[in-house]
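Asker: 3D, please:
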Amino acid sequence: MTTEEAFVKSNGRFQSTFFRWTTIFLVILFALLATSCNTEKSKVYRVGILSGLDYMAGAVDGFKAGMAELGYVEGQNIEYDLQSTNFDIAAYQRILQQFVADKVDLIFVFPTEASIEAKTATQGTDIPVVFSIANIEDTGLVNSLREPGGNITGVRYPGPDIALKRFEIMLELVPEAKHMLVPYQRGYPIVASQLELLRPAAAAKGVTLIEAPVDNAAELQAFLDQRAESADIGLDAILIIPEPLAVTPDAFLVVAKFAAEHQIPLGGAYAEVEGYKSIFGVNIDPMAVGKQAAFLADKIFRGTPAGTIPVVSAESYMTINYSAAQELGLTVPESLLAQANQVIH
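Answerer: Predicted structure coming up:
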């Protein structure tokens with residue numbers, strides 16, 4: 001055998017061996033990748049949902065819809081433990097403690113007070129929290145919009161901005177109003193920042209805010225009964241600001257009946273209970289907000305720490321009850337109708 005023939009034979013054996021080991025390597029690599037993909041697909045995320053205010057319960061549907069759009073199919077790769085209550089601190093705490101004990105992969109929660117409780121309940125754990133419909137002003141919920149910190153992020157409810165917008169719209173509908181009743185839950189953390197904006201704005205317009213801090217619907221009823229005993233009730237409008245009490249059915253019914261009996265415009269949050277209605281509402285769209293929260297949850301599931309994901313803000317949504325305003329003899333400016341997202345005739 002010549003030297004050239006020996007080289008060719010040796011090189012052939014080398015190429016054959018190289019090809020064989022390359023093939024084995026690729027087979028192992030593809031097997032590992034397939035295993036990794038199957039593991040990823042088989043992961044089932046468990047999400048605890050605390051729906052803490054019936055008035056905003058549409059956020060749950062928005063969240064689930066948003067997750068579905070992102071590829072999370074209920075019953076396949078995601079499971080939801082939905083717990084609902086209505087402005088009940090003790091229930092918030094009990095539900096959240098159970099989520100922590102169950103070691104859920106994420107907690108989706110609203111509104112503000114429930115979100116604060118979720119932050120407290122998950123301290124010392126690695127359970128991320130995505131809040132929604134929650135004020136961050138004066139609540140200590142996050143460190144900042146850009147860096148919420150800890151294991152929490154979410155969708156900010158722009159309470160102070162909405163409160164001011166509600167006041168401005170009420171004046172457009174009732175320009176002669178000089179005394180405006182503002183009922184709210186006593187001591188609720190999101191109220192102070194709203195009043196800080198409303199008080200000077202009202203003073204600048206020559207409007208006196210008659211604040212009614214109460215603990216429940218019964219106290220609100222007692223407050224209104226006392227006003228009704230006066231020869232002059234002294235109220236030109238009733239403004240509902242962004243806080244939970246006045247939009248619970250019992251409290252809303254108390255104030256709506258009083259407004260109807262005395263022909264006083266009631267607005268701020270749009271609600272209807274037993275045929276009693278407010279004339280307008282400025283709020284957020286719970287469905288849209290739920291979808292915003294879903295995008296944040298997806299980022300967390302993909303590996304981004306919750307506390308590093310910037311907080312996003314919800315957009316406001318305006319409803320005008322044109323027929324209810326007309327029944328009170330109010331003129332609804334065309335400019336206001338043009339701004340409305342929904343007009344009820």
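Asker: need the helices for the stretch 151-300 of the chain, in chain order.
Answerer: Under the criterion DSSP state H, counting those that start in this stretch, helices of the stretch 151-300 of the chain are mapped to 159-173, 191-204, 217-228, 249-261, 286-301.
Asker: could you dump the ones you listed to JSON lines with mean neighbour count, distance to Gln97 and mean pLDDT?
Answerer: In short, each C-beta sits where N, CA and C put it, glycine included. Formatted as JSON lines, the helices of the stretch 151-300 of the chain follow (neighbours: other Cβ atoms under 10 Å; distance: least, Cβ to Cβ, whole Å; pLDDT from 0 to 100):
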{"stretch": "helix 159-173", "mean neighbour count": "21", "distance to Gln97": "27", "mean pLDDT": "97"}
{"stretch": "helix 191-204", "mean neighbour count": "16", "distance to Gln97": "27", "mean pLDDT": "97"}
{"stretch": "helix 217-228", "mean neighbour count": "16", "distance to Gln97": "28", "mean pLDDT": "97"}
{"stretch": "helix 249-261", "mean neighbour count": "20", "distance to Gln97": "27", "mean pLDDT": "97"}
{"stretch": "helix 286-301", "mean neighbour count": "22", "distance to Gln97": "21", "mean pLDDT": "98"}
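Asker: Of these, give the one that comes closest to Val343.
Answerer: helix 159-173 (13.3 Å; Cβ to Cβ).
Asker: And this structure, split by domain according to the record?
Answerer: Domain ranges of the chain: 42-157+285-315, 160-284+318-344, per automatic domain parsing.
Asker: what distance separates the start and the end of the longest one?
Answerer: In domain 160-284+318-344, first residue to last residue: 26 Å (Cα to Cα, to the nearest Å).
Asker: Report pLDDT for Phe25.
Answerer: Model confidence at Phe25, given as pLDDT, is 53.
Asker: Same question for Ile107.
Answerer: At Ile107, pLDDT is 99.
Asker: any idea which helix or strand of this structure has the worst average confidence?
Answerer: Lowest by mean pLDDT, DSSP states H and E among the helices and strands of the chain is helix 3-42, with a mean of 50.
Asker: Let me know the next secondary structure element after that one.
Answerer: strand 45-51 (DSSP states H and E).
Asker: That next one vs helix 286-301, what angle?
Answerer: Following axes from the mean of the first three to the mean of the last three Cα atoms, to 10 degrees, one obtains 150 degrees for the angle between strand 45-51 and helix 286-301.
Asker: who does strand 45-51 pair up with?
Answerer: Sheet pairing for strand 45-51, assigned by DSSP bridges, gives strand 78-84 (parallel), strand 106-110 (parallel).
Asker: Residues in contact with that strand: which ones?
Answerer: With contact meaning Cβ atoms under 8 Å, 6 or more residues apart in numbering, strand 45-51 is reached by 57, 59-60, 63, 72, 77-85, 92, 95-96, 98-99, 102, 104-110, 114, 118, 297, 301.
Asker: and that strand, which residues are buried?
Answerer: Along strand 45-51, these residues count as buried under the neighbour rule (16 or more other Cβ atoms under 10 Å): 45, 47-51.
Asker: Dump these to CSV, plus distance to Arg227 and pLDDT.
Answerer: Putting these into CSV (distance: Cβ to Cβ, whole Å; pLDDT from 0 to 100) gives the following:
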residue, distance to Arg227, pLDDT
Tyr45, 52, 98
Val47, 46, 98
Gly48, 43, 98
Ile49, 40, 98
Leu50, 36, 98
Ser51, 34, 98
